[in-house]
Each structure stands twice: as structure tokens, then as C-alpha cells.
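Peer 1: here is a sequence with its predicted model. Questions after.
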Amino acid sequence: MITTHKRLQPSPESHFIARHLEADSGVVFFDIETTGFHRDYSKLVSISLIEMLEDDLHYHYFFNETGKEEADILMAAHALLSSKYLISFNGDAFDVPYLMHKYAKHSIDTPLTIARNLDLMKVAKASLHLDSYKLKSIELALGIHRTDTLSGLDCIEAYKQHLETGDPVHSDKIALHNEEDTLNLIQLMYRLLEHHSGVVELYKPHYFEWRDSEVNLISLKLQGDFATLIFEPNKNIDEIHWYDDRGHIFKTNHTGAVPRLEITLPVQHHNVDGFDLSTGLYLKGQPRQRVISVDGHPLYENVPNILLHMENLMGAGNNRIL
């Protein structure tokens, strides 16, 4: 196994992201290379990760040098992949399920769940109007320019040549491609945050306990006089549709193995008591303690109260959101 560990120079973009994601809580950008899409018949070539600790960036790279070191690189990356926040591109559909399968194959406890992964492809789809949401198309739309021109197929061929010849020129190509791919996740996230409008706090994952389960609030959007909160709970729930005199106010949408709960609420703005020149976003017609955000920053501690309020609105008994 070939490993690389080094400190990277922080950038204005990484400083911006660190402030928004509370990087002291553990944030890791990651990418993988494989010899194909089929989890049983392809090899895990490498895992590259950038660990964000406050304003510091640390790069970690684990390479399957012999083609027989999958378990070694999975173990080497285990602690980093246990971080509170994971950020990837198309990770919900590919990287995370692929790694979970490989961990199970090698009888290693997986550190991963889709609920802890922030998939930048999904963020791009929510904020950009493009014909294609391939990584290169999104980067082009956001003005991100690569120096590395290697494609995924090129990496597969380079790995094949590496295994056959042992010439470091091939493994060096893959290493360079991996590092740039992972660094570009920081650029991509920054540009998406910069570009996106209408989100109170840009797709910042936040976890809290609700009925003995970990729940992930992944976004809070403003749409006119309504706010939409999107959650991903760490357990399966049934399809739920609630109605009241305003019409359909919230629903569940299933996204793969992890169900997604989307709640849309009528809101209003007021000046916030105790905050000079601050504006709060409140549930319409509710007591002032139902404040959702102050100056665009969600009050996460109020989210469980909002969920409880929605259950109370539907009446006592067994009506439960999550």
C-alpha cells in the first residue's frame, strides 16, 4: 500500500467553508477510484481524503499498490471516514454504497452512512439549471478549470499498466488525478455556496436526537412566504402525507435506502427581541419561541420544537413525523 499524508495550504475558499460547516466538528472531503462500477468484480484502487480541521487542511491518500490491498486501505481510511461530515460528488449513488459493500466484504465494520454524506451533485441539481450534471459540466458552468485531464477510463488503464509494469509513472498519474479531484471538491462546494440563492444556511448538515434516532437537517430553503426544511433520518419510515386547511404541508420522499422528509411551513419575518438590528424567521402565527432563524442562520436547537409543534398541529395520539 502506498500512502501520502501532507498539510495543504488553506485557501480563501476553504476558510469560507470552514466557517459555514463548523470544521472543528470534523469535515472530510473524499473521492475514490475503482476499476469499474460493479462492486463485486471491480477493485478499489484508491481513497483520497482532505481533512478540514478548523482552518487547517490535511491530505491523505491510500493506494492499492498490488491490487490485493483493499482491506488495508479500507482500514487506513476508517477513522477519517468516521468523521461527522463527509462531502463527496455523487457519493450517495456510488462512493458510499461502494465502500460500504467493500467494508462488508472484508468483514470490517463500516464507518459510513449515506445520511452523513453531503453529495455535491445533489446540491448542484438543486441550484443549477444544466443539461448535464456530470462533474466536468458542473465545473465548466461554475468556472472551475482543471490542469489534470485524466478521465475515469484513463485511470483504469493507468492502473492496469501499473499492475503489469510497476512503472511509477502510472501510479503517479493516478495520484495526481486523485489529489486534484479531491481539491476540486472544495472549489466546487465554495462555488455552489456562492452561486446558490434562497437557502438560509447553505446545505449545512446538522444532527440532533429525535425519538432516540439521529436526524440530519440537510437544508432550509426560503420560497416566498414559505420555508422548506429537508431531513434525512437514520431509520426507515413509512410514506407519510399530512394535510390541513392550507393544503399539503409536508410529505416524505424516498431517496434510495434513506428516506427523506420534506416539511414546508408558512413563515413570517420580525425583528428579534434581544438581537440589535436582527431579523428572525418565525412560523406564521406561532409564539415567538418558534423562531427558525436569525439573520439567515438557523437556530438548530428549535428544530425539535418545530417538529413537535407539527405533530401537535395534527392532533394528539399516534401521529408522528419521524
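Peer 2: Done, it's in.

Peer 1: just the buried residues of stretch 38-48, please?
Peer 2: Arg39, Lys43, Leu44, Val45, Ser46, Ile47, Ser48 (16 or more other Cβ atoms under 10 Å). For the C-beta atoms, the positions are set from N, CA and C on the backbone; glycine is no exception.

Peer 1: typo on my end, it should be stretch 113-132
Peer 2: Neighbour count says stretch 113-132 has 113-124, 127-128 buried, by 16+ other Cβ under 10 Å.

Peer 1: in strands, which of the buried residues of stretch 38-48 fall?
Peer 2: Leu44, Val45, Ser46, Ile47, Ser48 (DSSP state E).

Peer 1: and those residues, which two are furthest apart?
Peer 2: For these, with distances taken as Cβ to Cβ, the pair at the greatest spread is Leu44 and Ser48 (11.9 Å).

Peer 1: shared neighbours of those two, which are they?
Peer 2: Among the neighbours of Leu44, those also in contact with Ser48 (Cβ atoms under 8 Å, 6 or more residues apart in numbering) are Ile32, Glu33.

Peer 1: tell me, please, the helix or strand in the protein that averages the lowest pLDDT.
Peer 2: Counting by mean pLDDT, DSSP states H and E, the weakest-scoring helix or strand in the chain turns out to be strand 241-244, with a mean of 36.

Peer 1: helix, strand, or coil at Asp172?
Peer 2: helix (DSSP: H, G, I helix; E, B strand; the rest coil).

Peer 1: quick one, what contacts it?
Peer 2: By Cβ under 8 Å, 6+ apart, Asp172 has no neighbours at all.

Peer 1: would you confirm that Ile73 contacts Ser46?
Peer 2: Yes - the pair Ile73 / Ser46 is scored as a contact, 7.1 Å apart, by Cβ atoms under 8 Å.

Peer 1: shared neighbours of the two, anything?
Peer 2: With Cβ under 8 Å, 6+ apart, Ile73 and Ser46 have common neighbours Phe62, Phe63, Asn64.

Peer 1: any chance of those in JSON lines, plus secondary structure, neighbour count and distance to Leu192?
Peer 2: Shown next, in JSON lines, are the shared contacts of Ile73 and Ser46 (DSSP: H, G, I helix; E, B strand; the rest coil; neighbours: other Cβ atoms under 10 Å; distance: Cβ to Cβ, whole Å):
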{"residue": "Phe62", "secondary structure": "strand", "neighbour count": "26", "distance to Leu192": "27"}
{"residue": "Phe63", "secondary structure": "strand", "neighbour count": "22", "distance to Leu192": "29"}
{"residue": "Asn64", "secondary structure": "coil", "neighbour count": "25", "distance to Leu192": "31"}
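
Peer 1: between those, which is nearest Thr264?
Peer 2: For these, the nearest to Thr264 is Phe62 (42.6 Å; Cβ to Cβ).

Peer 1: didn't the closest one look like it was pressed against Thr3?
Peer 2: Yes - the criterion here is Cβ under 8 Å, and Phe62 meets it with Thr3 at 5.6 Å.

Peer 1: give me the common contacts of those two.
Peer 2: Jointly contacting Phe62 and Thr3 under the rule Cβ under 8 Å, 6+ apart are Ala76.

Peer 1: okay, helices next: where are they in the stretch 101-250 of the chain?
Peer 2: 120-127, 135-141, 152-165, 168-195 (DSSP state H, counting those that start in this stretch).

Peer 1: format these as TSV; extra columns: mean pLDDT.
Peer 2: TSV is the format used below for the helices of the stretch 101-250 of the chain (pLDDT from 0 to 100):
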stretch	mean pLDDT
helix 120-127	84
helix 135-141	85
helix 152-165	91
helix 168-195	88
